[in-house]
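Peer 1: Return atomic coordinates for the entry below.
(chains A and B)
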Amino acid sequence: MAPGMNTVANDTMTNDPILKVEHLSMRFGGLMAINDLSFEAKRGDITALIGPNGAGKTTVFNCITGFYKPTMGMISMRQKAGKTFLLERITDFEITRDAKVARTFQNIRLFSGLTVLENLLVAQHNMLMKASGYTILGLLGLPTYKKASVESIEIAKYWLEKAHLIERADDPAGDLPYGAQRRLEIARAMCTGPELLCLDEPAAGLNPHESLALNGLLRSIRKDNDTSILLIEHDMSVVMEISDHVVVLEYGHKISDGTPDHVKNDAKVIAAYLGVEDDEVEEVIEEIEGTQGGMQQ
Amino acid sequence: MANMSNMSERAGGSLTAWALREGFYAGAVSLGLFVLFVGLETTQNIRNELVLNRRLGLLGIFVIVAAVGRFLTVAYLRPWAAARKAAAAAKPAEGEEGFSKRNFSKIAIVFLLLYPLIAISIFGVQGSLKWVDNLGIQILIYVMLAWGLNIVVGLAGLLDLGYVAFYAVGAYSYALLSQHFGLSFWVLLPLAGILAAFWGMILGFPVLRLKGDYLAIVTLAFGEIIRLVLINWTEVTKGTFGVSGIPKVSVFGIWSFDVSAANNFAKAFGLPMSSAYYKIFLFYLILALALLTAYVTIRLRRMPIGRTWEAMREDEIACRSLGINTVTTKLTAFSIGAMFGGFAGSFFAVRQGFVSPESFVFLESAIILAIVVLGGMGSLVGIAVAAVVMIGGTELLREMQFLKRVFGPDFTPELYRMLIFGLAMVVVMVWKPRGFVGSREPTAFLRERKVVSGSFTKEGHG
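Peer 2: The predicted model follows:
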């Protein structure tokens, strides 16, 4: 990299995009799940991806985290150090390991037979693997591995305290109540040391009290752990409360993009979520076409 | 507790009467049921006439068994079971486990170290052969094999039905390399392990994309391929004749067990000639190998790789989302599991002095897998107990000559061992669906090491 570029990157530290999705399309047979989607997530922001059921939000996530190979398009992730990764070209586990993008799942995927602590230790696999000399040195009982293993427990402890799970550290993960499992999954993803955290419906199934606590956790992750967040969410109390930037999808298209307030008042978003009365349809279509024309100009 | 006091109040006077009544009813019902089935028998006499025989004695036995059985169940068995249940409920925290339960593995290891000496002191040098060789070594080979397979099936959750292939690779590696190149056991033992691990990887690569049933079928086929190659590649393996005259192992090259050798073990110590010393040495050798397997497994479980095996058994997709390369993780599980199979194989070759494809049939794989499942997947102690029960049990059947008195002189108990094996498996699986030890020891803890109940762990889907 040219030395000049570094300074540019530093100047725009607060506003440069960490993730850039350009012309992303994903086709399943005859179904176009995502159609020419482009958006950006800024570094240090909480970006929300919303839309009605079946809009293709989880598909976007799966493309970003490598679980699907997109049919078309480019997804680039730029790390703090300035290194850029083209996510559509690398496999899922490399995206977490090298590009530092971690994710959670819509239907929680914990290691239910492992304890809460062990779940967090598995997440630190790559670091521990290196410290144990790919198992060989660790098997011989070398101190580097012992040190790393103590450190990994400290990291796990930090996240357990942050997610209010420290009391349950030695219980099997499958034994936790639903809300705690959600928090544990986030804590586990954070133990991989990501720069971008992708959360697939983190507030699904939480009660109002728990989603309030989740807001606090996500804010703290952004602020204290210097991690940008991209989230899919249906719970508007979470989305409108914490996100800096909202992208709205419908049928694989982006229909709105902006601040929560902008999106909230967007006619297309309201139409997508609530529908419109029959006699208003033409009005809305005209309005939409008008704004699209305006945008193109 | 309230239930129990109700029970005992009733027990005071009326329980016996009630049980008697129940017994009488049961007798009456069975009389009604069996009077025609059992009480009467039709036969033909010499003139081909139908004759009705009365079998009142037999009928009486049926009725008495039903009546007495019902009486005993109601009067004694049920109150006893209820009392036991109540007592178990009264103290739910079984915090204080008995000394023998807590130190089970230590006691077991000490017992195994003393086992040949105990056998000699009871049965004499020659008499101990049967106990050390047929029982001890045989069980320990299976313990080691099952512990090796446990890495693949129990920890990583990859169902492998062709594990015996690696056993065969280890056995033939030793048999052929020692015959052709004259290398000693101590050189070939690690080499056999490495070769088996290599074959583990060769199996691993094509099956990486498979899960569950499909994986099981391909590994099954792999086991058969190895066996068929051993049968048909006659120039190298001598086919079904097998490789014989495999050299014995020496005590690290210092003493030999060959009768003609100058440094013969018995001669060196001035002992009378006997094959028992060799068998006892083999016993300690397989004990050491099995304990090595256990030690490495315990260490690996606390390393990132072992933890990841278990995580992969729980959820492979989650593993990938955490930046874990599941391909290499699976390959390490296959190859390390195979390596221990290879060690056990070369030990098998040196013990038998003869290997043929007969020893590596699918049944062996099935037995090893059954031991792992019965013991409780992932649990070393449970698997060892299951191996003792399964292999020791079938070996002991040979000794049970009194069964001949029950089933007649034609009864050969050995022939029924698979039947009893199957029956035992059904019983154990009904009684303990997760195997003898269904729970899981966590590999790390913050405050307190709590055992993870079997209901949370998964079996893995490949």
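
Peer 1: which stretches of chain A have low pLDDT?
Peer 2: Residue ranges of chain A with pLDDT under 70: A:1-15, A:133, A:135, A:137-138, A:141, A:276-297.

Peer 1: which residues does residue 174 contact?
Peer 2: Unless you meant another one, I'm taking chain A. Each residue near A:G174 by C-beta atoms under 8 Å, 6 or more residues apart in numbering or on different chains is listed here: A:110, A:112-113, B:456. Every residue, glycine included, has its C-beta placed from N, CA and C.

Peer 1: looking at chain B here, not the other one
Peer 2: Counted by C-beta under 8 Å, 6+ apart, B:Y174 has contacts B:185, B:188-189, B:192, B:246, B:345-346, B:349-350.

Peer 1: what do you get for A:I46?
Peer 2: Taking C-beta under 8 Å, 6+ apart, we find A:I46 in contact with A:218-219, A:222, A:228-229, A:231, A:242-245.

Peer 1: Kindly report the same for A:K254.
Peer 2: By C-beta under 8 Å, 6+ apart, the neighbours of A:K254 are A:37-39, A:247-248.

Peer 1: would you put the C-alpha positions of the strand or helix carrying it in PDB?
Peer 2: Using DSSP states H and E, A:K254 maps to strand A:253-258. C-alpha atoms of strand A:253-258 as PDB (Å, rounded to 0.1, in the frame of the first residue of the first chain):
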ATOM      1  CA  HIS A 253     -34.500  -4.900  -3.700                       C
ATOM      2  CA  LYS A 254     -33.300  -2.000  -1.500                       C
ATOM      3  CA  ILE A 255     -36.300   0.300  -1.100                       C
ATOM      4  CA  SER A 256     -34.900   2.700   1.400                       C
ATOM      5  CA  ASP A 257     -31.500   3.600   3.000                       C
ATOM      6  CA  GLY A 258     -30.800   6.300   5.600                       C
END
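
Peer 1: got the buried residues for that strand?
Peer 2: A:253-257 (16 or more other C-beta atoms under 10 Å in any protein chain shown).

Peer 1: what do you get for stretch B:404-413?
Peer 2: So for stretch B:404-413, counting by 16+ other C-beta under 10 Å, buried means B:P413.

Peer 1: For it, C-alpha coordinates in PDB please.
Peer 2: Provided in PDB are the C-alpha atoms of stretch B:404-413 (Å, rounded to 0.1, in the frame of the first residue of the first chain):
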ATOM      1  CA  LYS B 404     -25.100 -77.700  29.800                       C
ATOM      2  CA  ARG B 405     -27.000 -79.000  32.700                       C
ATOM      3  CA  VAL B 406     -29.800 -76.600  32.100                       C
ATOM      4  CA  PHE B 407     -30.100 -76.800  28.400                       C
ATOM      5  CA  GLY B 408     -28.900 -80.300  27.800                       C
ATOM      6  CA  PRO B 409     -25.500 -81.700  26.800                       C
ATOM      7  CA  ASP B 410     -25.700 -80.500  23.200                       C
ATOM      8  CA  PHE B 411     -25.600 -76.900  24.300                       C
ATOM      9  CA  THR B 412     -22.400 -75.100  23.500                       C
ATOM     10  CA  PRO B 413     -22.500 -71.700  25.200                       C
END
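
Peer 1: Tell me the secondary structure at B:S359.
Peer 2: Here B:S359 is helix, with the state taken from DSSP: H, G, I helix; E, B strand; the rest coil.

Peer 1: Around chain A, which positions in chain B sit nearby?
Peer 2: B:296, B:299-300, B:303-305, B:307-308, B:310-311, B:313-315, B:317-326, B:332, B:440, B:442-450, B:452-453, B:456-458 (C-beta under 8 Å from any C-beta of the partner chain).

Peer 1: now with 6 Å?
Peer 2: B:299, B:303-305, B:307-308, B:311, B:314-315, B:318, B:320-325, B:442, B:444-446, B:448, B:450, B:452, B:456-458 (C-beta under 6 Å from any C-beta of the partner chain).

Peer 1: Select only the buried ones of those residues in PyMOL?
Peer 2: Only the buried entries of these go into this PyMOL selection, using 16+ other C-beta under 10 Å:
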select buried, chain B and resi 303+304+305+307+308+311+314+315+318+320+321+322+323+324+325+442+444+446+450+452+456+457
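
Peer 1: rewinding a little: looking at the buried residues of strand A:253-258, spot the one nearest B:M418.
Peer 2: A:H253 (64.7 Å; C-beta to C-beta).
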